[in-house]
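J.: The following block contains a protein sequence and its predicted model.
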Amino acid sequence: MSERYTIGEAAKKLQISTRTLRYYDEKDLVRPAYIKENGYRFYSEEQIRQIELILFLKELGFSLKQIKMLIQDEHGSQSLELLLKEQYQENQRKIEEVSKKQAQIKHLQKIRLSHAVLTNHSVITDIMRKENRLSALRRRMCFLGILLVLGELIGISLLYAFKVQMSVAVIGVTVVGAIALSKYYYDNVEYVCPNCGDVFIPSFLAFNLAPHTPKFRKLTCPKCGKKSYCLEISRE
């Protein structure tokens, strides 16, 4: 004879409440295997496994309505496969959504936003929108930088062929190319002060002399006068 559990024992084994088991019975999801005349409910191992499946599907995000359809359908296994596929895609979409938000939060944390920036919603929106354009600009800069290096290598090889006559020209072209590349980048970026939230464009000289990281440049804000690492963003 297979083992039977009272409603209390079944609830304890499944780590759920007796109220939940009664609710599943009311909704015709899982009925007790046996009910005594006095109303006592007993569950068999088969019902226990069925409830475990329900709880597992609930954890995956399935509604009780979907679960009931699976249990009562004679082709439940095929339906389960389809629903699992659908739920997987939905969960994946949610994961991507959350990951995107997490990346944005992480980015904003790095900026060390002041109260002034946090209360200026338009500044935050601009920062996030311009970040994509700045990434594209940096890729272009990388490509142009490679071209400049290749040009220098060609110039050096020409030095060996034409000796001193070409040295001045090669140095001149290299310097002009570096300045042009720097000016191109300068013309496409601006900075956000982490102290007051002001968006400003420094002078070309200050831009070139300032210490910097891939995302920040140490500049003096023209509005608050504080010198700090300002966030680099793309210009409109």
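T.: Looks like it arrived, so ask away. Not measured: the values here are computed from a predicted model.

J.: Surely residue 225 is within a helix?
T.: No: counting by DSSP: H, G, I helix; E, B strand; the rest coil, residue 225 falls outside a helix, being coil.

J.: residue boundaries of the strands in this structure?
T.: Taking DSSP state E as the criterion, the chain carries its strands at 4-6, 34-35, 41-44, 189-192, 199-200, 216-220, 227-234.

J.: list the helices and strands the fourth one packs on?
T.: Using 3 or more CB pairs under 8 Å, 6 or more residues apart in numbering; DSSP states H and E as the contact definition, the elements that strand 189-192 packs against are helix 121-162, strand 199-200, strand 227-234. C-beta coordinates here come from the backbone N, C-alpha and C atoms, glycine included.

J.: lowest-confidence stretch among these?
T.: Among these, helix 121-162 carries the lowest mean pLDDT, at a mean of 63.

J.: Mind putting the strands of the chain into JSON lines with distance to residue 206 and mean neighbour count?
T.: Shown next, in JSON lines, are the strands of the chain (distance: least, CB to CB, whole Å; neighbours: other CB atoms under 10 Å):
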{"stretch": "strand 4-6", "distance to residue 206": "77", "mean neighbour count": "17"}
{"stretch": "strand 34-35", "distance to residue 206": "84", "mean neighbour count": "12"}
{"stretch": "strand 41-44", "distance to residue 206": "76", "mean neighbour count": "20"}
{"stretch": "strand 189-192", "distance to residue 206": "10", "mean neighbour count": "21"}
{"stretch": "strand 199-200", "distance to residue 206": "11", "mean neighbour count": "18"}
{"stretch": "strand 216-220", "distance to residue 206": "6", "mean neighbour count": "18"}
{"stretch": "strand 227-234", "distance to residue 206": "10", "mean neighbour count": "20"}
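
J.: Residue ranges in this protein under the pLDDT threshold?
T.: Counting by pLDDT under 70, the chain shows low-confidence ranges at 1-2, 74-77, 79, 83, 104-105, 107-138, 141, 144, 148-174.

J.: Let's have the strands of the chain in a markdown table, adding distance to residue 73.
T.: Converted to a markdown table, the strands of the chain look like this (distance: least, CB to CB, whole Å):
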| stretch | distance to residue 73 |
| --- | --- |
| strand 4-6 | 26 |
| strand 34-35 | 25 |
| strand 41-44 | 22 |
| strand 189-192 | 57 |
| strand 199-200 | 59 |
| strand 216-220 | 58 |
| strand 227-234 | 54 |
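
J.: Please name whichever of the ones you listed is nearest to residue 25.
T.: Closest approach to residue 25 among the strands of the chain (CB to CB): strand 41-44, 7.6 Å.

J.: returning to what we had before: which one, of the strands of the chain, ends up nearest to residue 26?
T.: strand 41-44 (12.2 Å).

J.: so what does the closest one touch, helix or strand wise?
T.: On a contact count with 3+ CB pairs under 8 Å, 6+ apart, strand 41-44 meets strand 4-6, helix 7-14, helix 18-26, strand 34-35.
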